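>>> Test case, fold it:
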Amino acid sequence: MQQAFRISEHDRSAPSVRFSQSDLDLVYVHPVPIPGSAANTVQVAKMCDAFARSGVATKLVQPQAASGAQIASYYGLASDPRVVSGLAPKLPGRMLLFGLDACLRHASRRTSVIYTRSISVAFAATKLGYRVALEMHGPLWDDKSKDRERFDRIIRTLAFTTLVVISQKIADWYLETYPDLDGRIIVAHDGADPVTTEVTPRPLTGSFRVGYTGHLYPGKGMELISAIAPLCPEATFHVVGGLPEDISRWQRELAEAGTGDNIVFHGHQPHTEIAGFIEGMDVVLAPYLRFVRGQGGETRNLSDWMSPLKLFEYMAHGKAILCSDLPVLREVLSDGRNARLADPDRPEDWAALLRESAADPTARDNLGRQARADFLDHYSWDKRAETILEGILRMPAPARHRP
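The predicted model follows:
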């Protein structure tokens, strides 16, 4: 049986490569408008930037018009991305039409690879004979019969190039469920930008500042923060992010419980502002529950598969991380080495670790220093782009597009 090909960030021997534009060009077809508040818009914008920095011509196709300068400013990109709007009428099958239009108007069958996180877009592209790299952030669930049918047809085409996933757990699921993918999976955890310039810390209140950045969807961790905060009155908890309605609900619930005096909500911030907040924190939290939901009331449990952006942003800043001890997160973090891991069902354990951290600045500095070193070795957006591009170029011949 063919060996599964997985260049991951953990392969320290992977060379640093600048790719020739003659090798390929990428057309990143994304069905969610950018800029936006969802985490996926951050990842897509940052990856388009990293692909372009690698030397590969990269174009972003999305449903609505936006200038490259607008996107670059919002996400702090190195340069303005090439961005065009695609046709996405509010009709049945609109994502198929969006994919067809993106290919026919913005891609070349000879040199382009269609890169997407949409099964519908990937299906449309392979039907037209364009090479496709599909990125998936979780399994294909049994009740998604149409997606499963399309996915099965996608991976059987000559145009299908590779599947990109964000954790080894996801790769294992796909290999077990679709053995034909053996040798055609790239594991590329999410990433962040290196902190290469001095960041001015945001002036945050409190003598010991514990921080969280991200959404407040169920399971993301606000439940745990609300339980830890009363146990650590000496700490001030700064929560950056969340929709207005989620923040209002938590403020109301905390007030009714007579707690929350040491929790400060800062609301959603432009991505370029997040660095200042993180820099102003002493310890940062990734307090995921065992059941995590995503955007839009998603009912699936994400905790088995996720690769959270905030984790890599924390690492890039060299901050001491206190994180939930979940198997998928152990692909990146090791307790006592580059983070402290705690049981998400035991807020008292979190409080104890926070008290230890407050009392020992040297220990938390050492954790942060190791986290940053691991990040620079493995988890920047540039490293992720290199991983994916090398994988695309090294796919076995039967998976490549035939002119």
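
>>> So for stretch 372-386, what gets flagged as buried?
For stretch 372-386, the neighbour count (16 or more other C-beta atoms under 10 Å) marks R372, D374, F375, H378, Y379, S380, W381, D382, K383, R384, A385, E386 as buried. (C-beta placed from N, C-alpha, C; glycine too.)

>>> For T387, see how far away the fourth one is.
In this structure, H378 and T387 are 9 Å apart, going by C-beta to C-beta, to the nearest Å.

>>> correct me, but W173 touches H137?
No. Counting by C-beta atoms under 8 Å, W173 stays clear of H137, with 11.8 Å between them.

>>> shared neighbours of the two, anything?
W305 (C-beta atoms under 8 Å, 6 or more residues apart in numbering).

>>> Let me know the secondary structure of G183.
Here G183 is coil, with the state taken from DSSP: H, G, I helix; E, B strand; the rest coil.

>>> Same check on E223?
Per three-state DSSP, the local secondary structure of E223 is helix.

>>> Could I get the phi/psi values of Y217?
Phi and psi for Y217, reported as degrees, to the nearest 10, are phi -60, psi 160.

>>> can you check D382 too?
According to degrees, to the nearest 10, D382 has phi -60, psi -40.

>>> distance of the nearest residue to it once chain neighbours are set aside from M315?
Leaving aside its chain neighbours, D382 sits nearest to A50 (5.2 Å; criterion: C-beta to C-beta, 6 or more residues apart in numbering). The gap separating A50 from M315 is 17 Å, by C-beta to C-beta.

>>> need the helices for this protein, in chain order.
Counting by DSSP state H, the chain has helices at residues 39-53, 68-75, 94-106, 119-127, 145-155, 168-177, 222-228, 244-257, 271-279, 309-316, 347-359, 361-378, 381-393.

>>> I'd like the ones you listed as a markdown table, with mean pLDDT and distance to F208 appended.
Below are the helices of the chain laid out as a markdown table (pLDDT from 0 to 100; distance: least, C-beta to C-beta, whole Å):
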| stretch | mean pLDDT | distance to F208 |
| --- | --- | --- |
| helix 39-53 | 92 | 28 |
| helix 68-75 | 92 | 31 |
| helix 94-106 | 93 | 48 |
| helix 119-127 | 96 | 46 |
| helix 145-155 | 94 | 46 |
| helix 168-177 | 95 | 34 |
| helix 222-228 | 97 | 13 |
| helix 244-257 | 96 | 19 |
| helix 271-279 | 92 | 16 |
| helix 309-316 | 94 | 17 |
| helix 347-359 | 98 | 5 |
| helix 361-378 | 96 | 10 |
| helix 381-393 | 94 | 31 |
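
>>> Can you lay out the ones you listed as JSON lines showing distance to L285?
As requested, those are arranged in JSON lines below (distance: least, C-beta to C-beta, whole Å):
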{"stretch": "helix 39-53", "distance to L285": "16"}
{"stretch": "helix 68-75", "distance to L285": "23"}
{"stretch": "helix 94-106", "distance to L285": "36"}
{"stretch": "helix 119-127", "distance to L285": "33"}
{"stretch": "helix 145-155", "distance to L285": "34"}
{"stretch": "helix 168-177", "distance to L285": "22"}
{"stretch": "helix 222-228", "distance to L285": "7"}
{"stretch": "helix 244-257", "distance to L285": "15"}
{"stretch": "helix 271-279", "distance to L285": "11"}
{"stretch": "helix 309-316", "distance to L285": "9"}
{"stretch": "helix 347-359", "distance to L285": "8"}
{"stretch": "helix 361-378", "distance to L285": "13"}
{"stretch": "helix 381-393", "distance to L285": "23"}
